[in-house]
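K.L.:
One predicted model, sequence on top.
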Amino acid sequence: MEVNIEYNPESYYKSLDRFFQGLRNFYSETQTTYERRLTNFFQPLIFRYRVAKEIKKQTDKYLASDFNLIELIKPDENRISDLVALLLNPKGEHGQGETFLKEFIEYLKGFLEKTENLKALGQIDISQVSVEKEFATYEGRRIDIFVKFPGFVIGIENKPWAGERDRQLADYNEFLQNFGNENYILIYLDGWGREATSMDEQTKEKLKQEGKFLEVSYNNFLKPWLIKCYKECEAEKVRWFLKDFVNWIEDNFKEEVENEERKEGTD
């Protein structure tokens, strides 16, 4: 049996119009509800932000929370090395004597556990130390920071941003091995925690097991040491400098911290 359905264009277009009108009404109501909820959500936050901003404005007269001496200096690689060497030197202008160097040695020991070099580091005479910058090797290369004790030397290669030159760390290691037949440790201090590339992996692993080579970063080595120095420092002027240094590292090397947090979360 055939069923005849009569097509009525006028009725069809009216139903189509009602459909889209209903859709428009639904969208309008949904949009209004969304905007209202969004406003209700952000209004308290905006109020708190304005209050916090006003409080900050008043307290900054006494705290100057945005002022950071290190940020104003805008240090490059050499200037950062200068600051680290200054703090390590017991005769430095910080006036704290051996305090910062002692904290450095104690913190360094934590990285040398279960290595042959730990005992040698524990026997150094901290009262007889020299700290030099841009220490020249036999090949004419320059180690950023060179800390020498009787019978023990520490070489620090500081790389906040740039990478190493060809065979740079390999040459430094060979130089330290032949420097007066003394025990040594070569520290590769990288701003972002990158692995050294100017020394072959087999040599690196052997030296790490012996406690003669470290790959460390600003966030897992330099910053914790500066915090220890801050806690032990008795000069308020220097304490503010150390605090600014720590804050500067946190502001300029955030990516490494975020990567470490993501890694820990995955683990």
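P.N.:
Received it, and whenever you're ready, just let me know what you need.
K.L.:
quick one: buried residues of stretch 219-237?
P.N.:
Residues of stretch 219-237 classed as buried: 219, 221-230, 233 (neighbour count, 16 or more other CB atoms under 10 Å). Every C-beta, even on glycine, is put in place using the N, C-alpha and C of the backbone.
K.L.:
with those residues in mind, which one is nearest to Lys204?
P.N.:
Nearest to Lys204 among the buried residues of stretch 219-237: Phe221, at 16.9 Å, using CB to CB.
K.L.:
how about the nearest residue to the closest one once chain neighbours are set aside, what does it touch?
P.N.:
Closest residue to Phe221 apart from its sequence neighbours, by CB to CB, 6 or more residues apart in numbering: Leu189 at 6.5 Å. Contact analysis of Leu189 by CB atoms under 8 Å, 6 or more residues apart in numbering lists 156-159, 216-218, 221-222.
K.L.:
got it, and Glu134?
P.N.:
Per CB under 8 Å, 6+ apart, neighbours of Glu134: 142-144.
K.L.:
any idea which helix or strand carries it?
P.N.:
strand 130-136 (DSSP states H and E).
K.L.:
contacting residues around the helix or strand following that strand?
P.N.:
Next along the chain after strand 130-136, taking DSSP H and E as the criterion, comes strand 142-149. If you take CB under 8 Å, 6+ apart as the criterion, strand 142-149 is touched by 77, 81, 84-85, 88, 101, 124-126, 128-137, 153-158, 172, 175.
K.L.:
now with 7 Å?
P.N.:
With contacts defined as CB atoms under 7 Å, 6 or more residues apart in numbering, strand 142-149 is touched by 81, 84-85, 88, 124-125, 128-137, 153-158, 172.
K.L.:
Buried only: go through the residues you listed for me.
P.N.:
81, 84-85, 88, 124, 129, 131, 133, 135, 137, 153-158, 172.
K.L.:
Return the subset of these lying in helices.
P.N.:
Among the buried ones among the contacts of strand 142-149, the residues falling in helices (DSSP state H) are 81, 84-85, 88, 172.
K.L.:
biggest separation within the residues you listed, which pair?
P.N.:
The widest separation within those (CB to CB) is 17.8 Å, between Leu88 and Tyr172.
K.L.:
which ones among the buried residues of stretch 219-237 are found in helices?
P.N.:
223-230.
K.L.:
Can you add distance to Phe245 and pLDDT and give those residues back as a markdown table?
P.N.:
A markdown table is the format used below for those (distance: CB to CB, whole Å; pLDDT from 0 to 100):
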| residue | distance to Phe245 | pLDDT |
| --- | --- | --- |
| Lys223 | 8 | 97 |
| Pro224 | 12 | 97 |
| Trp225 | 10 | 98 |
| Leu226 | 5 | 98 |
| Ile227 | 10 | 98 |
| Lys228 | 12 | 97 |
| Cys229 | 9 | 98 |
| Tyr230 | 9 | 97 |
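K.L.:
Tell me the one of those residues nearest Gly211?
P.N.:
Of those, the one sitting nearest to Gly211 (CB to CB) turns out to be Trp225, at 17.7 Å.
K.L.:
What residues does the closest one make contact with?
P.N.:
103-104, 107.
K.L.:
give me that answer again for 10 Å
P.N.:
84, 87-88, 100, 103-104, 106-108, 216, 242, 246 (CB atoms under 10 Å, 6 or more residues apart in numbering).
K.L.:
Go ahead and build a PyMOL selection from the buried members of the residues you listed.
P.N.:
Command for PyMOL that selects the buried part of the contacts of Trp225, burial taken from 16+ other CB under 10 Å:
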select buried, resi 84+87+88+100+103+104+108+216+242+246
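K.L.:
just the contacts of Trp225 now: which is nearest Tyr27?
P.N.:
Val246 (51.9 Å).
K.L.:
before we move on, back to that, parallel or antiparallel, list what pairs with the strand holding Glu134.
P.N.:
Sheet pairing for strand 130-136, assigned by DSSP bridges, gives strand 142-149 (antiparallel).
K.L.:
How far away from the center of its chain is the strand it pairs with?
P.N.:
Put simply, strand 142-149 sits 23 Å off its chain's centre (CA atoms, centre = their mean, to the nearest Å).
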